[in-house]
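Chemist: no FASTA, just this:
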DNA sequence: GAGGCGGATTTGACCGGTCAAAGCGGCTCC
DNA sequence: GGAGCCGCTTTGACCGGTCAAATCCGCCTC
């Protein structure tokens, strides 16, 4: 129980230097001081200089709460922290850092709040609190999913927000959003593998989710097709029940057992899955990266530190963050000094490591472009 | 450039429901409404009920800025986000989440700001801004290091803060701090290995840092000593130049080459190092977990997903967060309803996985307790 | 029946800024 | 030489709450 008479840090707060103190010190009115800070052109150079000197010598800092009260702006953007869907929505700390860094030059900061993961209603309630109390001027909605109630609610309310994640299942959504182009990522991975001669490129994904997982799978289907639409370079696919290596290893082991159409390469929907695939190949007696090429997704630490190093797709986190910030500040009417980075899909980058850089499978006699017969490779 | 006449979300902000609106609706004065919310016992039950009904029916929410202006409290705690020293200070996103969750019941939230990593002066400048402007009531100082200027500056200024990380090199520091007991973690790891029969337990660490790294090494020295102080169960040590697997692998490879005193177990100062150790053992033709037991530190994804799974030390992140929050709120004079969780060291938990669970080295003839001759194991 | 009392409620001032309008020379112009 | 204007500066009101003091009112006491 706090003792009343023990001096506490909070009580010791230095007496505030107010705008009046500065005014008195400089021998002007409070409004003149205010103008010196917000509209310097209104002052005569001499006064301006004098006020500025007083400001520095007294160490005056405008009070945030007082400003917020009249301006109706808190200078804060809300963001939920906490668990996310897959590990796939990885690097949450890096994203937050980049968001903070991107918002800083515009005088905005981030307020972290929490709400149970996946509970749209709870999160909406939290938004309601924050916005109604004026705690934040806008929010970033992360991890969108099909049937997401949050964007609609915010839009209805006329709140400023931007979504990290596309409006799955609602292509007409009018709000700004930013997402990494998962389909492009998979195309890059498949293209890389095809260029290395692979013609039986399999896929390891999750159960259908109506969102990113499906998009990656669809991109794999498309990218492994030949010019005529035939599955020219397509291998078998495996579905892991969860986004973790064990689930993936089990699913991949089953694939590898079927010698008939064993893949020479596997495109995985996440690094965690890819790690499982690596393990499954090794367990089957093969050498990942040599016998079966493997690619992951997200370029997490897992990918960088795996052995062999895992080829993966790196999100342009800084670009994503910057776009999110500029889009939402633009909505708030903040003058960025330039037009905001365009919303929409941003491209990932393929990071090639040993898991897909081994010797390509034995090349067979060249057939029609992009549709050579799949070379047969013994999975061992 | 924002068009002035295009309606923007910010402009569309619903007209605020103020305390006066509620007062009018309920037929009372504004102060009565204020009392209904902050000191209900002052009102007659009838009035209270009436006011409450008006509050709900109008959807009134007290304005944060207005409250902050008079109360001189922002309800926010500042925390720097961004890069940290080793990956060792891992799980930054989980920590933030737990901090937010711990602060919520007390009506506090977190404000994320950034400052270049390792630049005490820049971070202090940021604190100055935040505290002077009343943006935050307190700050959490993360990642303390020897000669850290931040705690001293904050203490001087009389600011409320708590440190995540002990006051390295300044045992008399008066501020509250919370840290994980790294030495205990290493003792747990060594104890576990000794119990499994290991008598040549090596160490993989970083160059001397005057902080956590040294503490872990010292704990290894102490824990591998016998009752008489002799290095009864001590193997050789390796120092990795950086906190990454490659550096560790190189250093460990050198150790393994020396067959004379090859370790049967390696305690590593981080998961990243341990991963390198695993690789080095495998490269030397051994089976990690069977020929050489390995333990990491921090129980990151790397540890859980490594093959074999990596025995590691899990930080009690929730406890750390809760303690940090309670300590700092106590400093602010917030009534927690109980005494704050005690500051200081909190214990990590050993998570045993396959990397240290393999068959123990061949037991030699039992010698004096705790000081049996180290069993000889062929590193292959 | 006046005085006293205490709970319930209201009024006025203030937190630290900003907006809008007014004041105040000095100058130009007719 | 007074009207009009302009640039600089000040005054008053207000943002939406809360604190402190004042008021109101019913009731009890002597």
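Modeler: Cool, got the structure. This structure is a prediction, so every number in the text was calculated from the model and none was measured. Residues are numbered from 1 along each chain as shown, chains lettered A, B, ... in the order given.

Chemist: near chain B at all, whichever strand or helix holds residue A:100?
Modeler: According to DSSP states H and E, residue A:100 maps onto helix A:92-103. Yes: residues of helix A:92-103 contacting chain B under C-beta under 8 Å from any C-beta of the partner chain: A:92-93, A:96-97, A:100-101. Placement of C-beta: from N, CA and C, glycine included.

Chemist: stretch A:271-291 too?
Modeler: Yes: shown here: stretch A:271-291 in contact with chain B (C-beta under 8 Å from any C-beta) through A:272, A:275, A:279, A:282.

Chemist: ok so, going back, which one of the residues of helix A:92-103 next to chain B sits closest to DNA strand D?
Modeler: Distance to DNA strand D across those (C-beta to the nearest atom of the strand) is lowest for residue A:100, with 27.9 Å.

Chemist: residue contacts, the closest residue to that closest one other than its chain neighbours?
Modeler: Spatial nearest neighbour of residue A:100, chain neighbours left out: residue B:114 (4.6 Å); criterion: C-beta to C-beta, 6 or more residues apart in numbering or on different chains. Residue B:114 makes contacts with A:97, A:100-101, A:104, B:80-82, B:126, as judged by C-beta atoms under 8 Å, 6 or more residues apart in numbering or on different chains.

Chemist: which bits of the stretch 151-300 of chain A sit near chain B?
Modeler: Counting by C-beta under 8 Å from any C-beta, the stretch 151-300 of chain A sits next to chain B at A:157-161, A:244-245, A:272, A:275, A:279, A:282, A:300.

Chemist: pull out the buried members of these.
Modeler: Buried by 16 or more other C-beta atoms under 10 Å in any protein chain shown: A:157, A:159-161, A:244-245, A:272, A:275, A:279, A:282, A:300, out of those.

Chemist: spatially, which two of those are the most separated?
Modeler: Greatest spatial distance among those (C-beta to C-beta): A:157 and A:282, at 52.6 Å.

Chemist: what's around the residue of the stretch 201-350 of chain A found nearest DNA strand C, how many residues?
Modeler: Nearest residue of the stretch 201-350 of chain A to DNA strand C (C-beta to the nearest atom of the strand) works out as residue A:333 at 13.2 Å. Burial of residue A:333 is recorded as 17 neighbouring residues (other C-beta atoms under 10 Å in any protein chain shown).

Chemist: quick check: it vs residue A:138, distance?
Modeler: For residue A:333, the distance to residue A:138 (C-beta to C-beta, to the nearest Å) stands at 11 Å.

Chemist: equivalent analysis for residue A:291, please.
Modeler: Taking C-beta to C-beta, one finds residue A:291 at 51 Å from residue A:138.

Chemist: these two: who's more crowded?
Modeler: Set residue A:291 next to residue A:138 and count neighbours by other C-beta under 10 Å: residue A:138 wins out with 26 against 21.

Chemist: pLDDT at the more buried one, what is it?
Modeler: On pLDDT, residue A:138 comes in at 97.

Chemist: cool, residue A:290 as well?
Modeler: So, for residue A:290, pLDDT stands at 87.

Chemist: for residue A:375, same thing?
Modeler: In this model, residue A:375 carries a pLDDT of 39.

Chemist: same thing with residue A:6?
Modeler: 35.

Chemist: now swap in residue A:171 and tell me
Modeler: According to the model, residue A:171 scores 88 on pLDDT.

Chemist: that one: neighbouring residues, count only.
Modeler: 7.

Chemist: next, the residues that contact the worst-scoring helix or strand of chain A on mean pLDDT from outside, please.
Modeler: Taking mean pLDDT, DSSP states H and E as the measure, chain A has helix A:301-305 as its least confident helix or strand, at a mean of 89. The list of residues contacting helix A:301-305 from outside it, by C-beta under 8 Å, 6+ apart, reads A:271-272, A:274-275, A:296, A:309-312, A:351, A:353, B:87, B:244-245, B:272, B:275, B:300-302, B:305.

Chemist: if we go to 7 Å?
Modeler: With contact meaning C-beta atoms under 7 Å, 6 or more residues apart in numbering or on different chains, helix A:301-305 is reached by A:271-272, A:275, A:296, A:310, A:312, B:245, B:272, B:275, B:301-302, B:305.

Chemist: quick check, nearest of the residues you listed to DNA strand D?
Modeler: Using C-beta to the nearest atom of the strand, the contacts of helix A:301-305 come closest to DNA strand D at residue B:301, 44.6 Å.

Chemist: against residue B:142, how distant is the closest one?
Modeler: Residue B:301 is 21 Å from residue B:142, by C-beta to C-beta.

Chemist: do the same with residue A:149
Modeler: In terms of C-beta to C-beta, residue A:149 sits 35 Å off from residue B:142.

Chemist: between these two, who's got more neighbours?
Modeler: Per other C-beta under 10 Å, whichever of residue A:149 and residue B:142 has more neighbours is residue B:142, with 20 against 12.

Chemist: next, residue A:248: secondary structure please.
Modeler: Classification of residue A:248 using DSSP: H, G, I helix; E, B strand; the rest coil returns helix.

Chemist: and the residue lying closest to residue A:27 once chain neighbours are set aside, how far is that from DNA strand D?
Modeler: In space, and not counting its chain neighbours, residue A:27 is closest to residue A:50: 7.6 Å by C-beta to C-beta, 6+ apart. Distance, residue A:50 to DNA strand D, by C-beta to the nearest atom of the strand, to the nearest Å: 8 Å.
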